[in-house]
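this one's structure only:
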């Protein structure tokens with residue numbers, strides 16, 4: 001009986017030990033499962049972070065390209081600005097030259113007004129000369145028209161003679 005009790009005690013001790021071992025195994029299994037989940041979460045986070053890094057790198061590249069193109073555009077606009085400033089300065093000098101030319105032109109116009117009176121008298125003489133030339137021109141035109149009429153008559157006569165002539169072989 002003592003052996004039976006000792007065996008019962010041994011069995012109870014082993015059951016307790018087994019329960020504790022199973023609890024420890026379950027705790028370890030739970031810990032491993034938690035760690036696996038944590039690893040998967042971290043891997044997912046790393047993957048998302050890599051994707052975000054790639055997206056941000058693309059944005060950075062686009063912004064760098066934009067900055068470069070903007071710098072080129074700024075340089076071009078700077079050149080255009082300096083050209084425009086030079087053009088404005090040249091235009092200002094030209095305005096001054098035009099003012100001087102306008103003053104000179106006004107003086108010349110006053111001189112021309114004085115000569116217009118003299119030229120009006122000369123124009124009257126030229127009109128008389130023109131009338132004489134027109135009369136001569138009209139006479140020449142009448143002679144030319146008579147000559148053209150004679151020419152046309154001769155051509156008509158030649159054409160009529162050519163149609164009455166026998167056909168050539």
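That came in fine, so what should we check first? Just so you know, these numbers come straight off a predicted model, no measurement behind them. Residues are numbered from 1 along each chain as shown.

so where does the residue most central in space within the chain fall, helix or strand?
In the chain, the C-alpha nearest the mean C-alpha coordinate belongs to residue 73, at 12.7 Å (Cα atoms, centre = their mean). In the assignment (DSSP states H and E), residue 73 maps to helix 2-164.

got any ranges where this structure has weak pLDDT?
By pLDDT under 70, the weakly predicted segments of the chain are 165-169.

okay, now residue 121: neighbour count?
Neighbourhood size, residue 121 [other Cβ atoms under 10 Å]: 9. Bear in mind the C-beta positions are built from the backbone N, C-alpha and C, glycine included.

The helix holding residue 73: how far from the chain's middle?
The gap between where helix 2-164 is centred and where its chain is centred comes out at 2 Å by Cα atoms, centre = their mean, to the nearest Å.

Which other helices and strands does that helix contact?
Judged by 3 or more Cβ pairs under 8 Å, 6 or more residues apart in numbering; DSSP states H and E, helix 2-164 has no packing partners among the helices and strands.

Identify the residues contacting stretch 61-71?
Around stretch 61-71, nothing counts as a contact under Cβ atoms under 8 Å, 6 or more residues apart in numbering.

Show me which residues of it are buried.
Residues of stretch 61-71 include none that count as buried (16 or more other Cβ atoms under 10 Å).

One more: stretch 90-103?
Residues of stretch 90-103 include none that count as buried (16+ other Cβ under 10 Å).

Identify the residues contacting it?
Outside stretch 90-103, no residue is within contact range by Cβ under 8 Å, 6+ apart.

what about 10 Å?
With Cβ atoms under 10 Å, 6 or more residues apart in numbering as the test, stretch 90-103 has contacts from 105, 108.

list the contacts for residue 84?
Taking Cβ under 10 Å, 6+ apart, we find residue 84 in contact with residue 77.

Distance-wise, check residue 34 relative to residue 26.
Counting by Cβ to Cβ, to the nearest Å, the gap from residue 34 to residue 26 is 12 Å.

ok, now residue 129?
136 Å.

same thing with residue 143?
Remark: distance between residue 143 and residue 26 (Cβ to Cβ) = 140 Å.

same check, this time on residue 158
Residue 158 sits at a distance of 137 Å from residue 26 (criterion: Cβ to Cβ).
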